[in-house]
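Undergrad: Next comes the sequence, and after it the predicted model I'd like to discuss.
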Amino acid sequence: MNGKRGWIVTISLCLIAGAPMAAPVQAAPQRQQPRPEIFTNLLQCRSITDNAQRLACFDQQVGAMEAAAQRDEVVVLDKSELNKTRKTLFGFSFPKLPFLGGGDDDDGDKPQEEGVTHIDAVIASVRSLGYGKWQIGLEDGAQWMTTEAVTGRDPKVGQKIELKRAAMGSFMGKVEGGRAIRMKRVS
């Protein structure tokens, strides 16, 4: 392109390409997860004043909930089971799900904690990947890989390892007696 015409075309392209970036950004509306219909039906039984009708309603709705649970349409977890699930999923990227510690709490007002921020585990398997990198298997079956070379002592089966959430979605692992190194979960 020559002279002025080249500059005009370049400026025009920059303005066209930059226009979407200059548009005001609106926050996405926060959508609160509705409770399952089967659960709200059960809760509505409490509002029935006649004892016999309330009991019949509870019996009917509990039967429907039990049938839904048997078909795996509804899953009920207690807090300890939920914490165990969070720990087994540590290291994977998931959308923020309220029941796993992300998103909003039941009121939709304040964010919940980010869930599990670190785990302590025992190394069950170790495999050298060459160049000082390792794949480390934990007792729960999780597989982690170092993303930088390990200097010093090599990790060994039976050693304790602490895995922590680090900056920008990364993870740091510290094998017993060693320095912290960057790691990623592979399975």
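TA: Great, that's in hand. Numbering: from 1, shown residues only.

Undergrad: ok, now which ones touch Ala121?
TA: Leu138, Glu139, Asp140, Ala142, Lys160, Ile161, Glu162, Leu163 (Cβ atoms under 8 Å, 6 or more residues apart in numbering). (Glycine included, C-beta is placed from N, CA and C.)

Undergrad: mind running it again at 10 Å?
TA: Counting by Cβ atoms under 10 Å, 6 or more residues apart in numbering, Ala121 makes contact with 87, 90, 136-140, 142, 144, 159-163, 173.

Undergrad: ditto for Gly130
TA: Ala149.

Undergrad: Mind checking what helix or strand follows the strand ranked longest in the chain in sequence?
TA: When the chain is scanned for its longest strand (criterion: DSSP state E), the result is strand 118-130. With elements assigned by DSSP states H and E, the helix or strand that comes after strand 118-130 is strand 133-138.

Undergrad: what's the angle between that next one and strand 118-130?
TA: Relative orientation of strand 133-138 and strand 118-130, computed by axes from the mean of the first three to the mean of the last three Cα atoms, to 10 degrees: 140 degrees.

Undergrad: Beyond strand 133-138, next helix or strand please.
TA: Counting by DSSP H and E, what follows strand 133-138 is strand 143-146.
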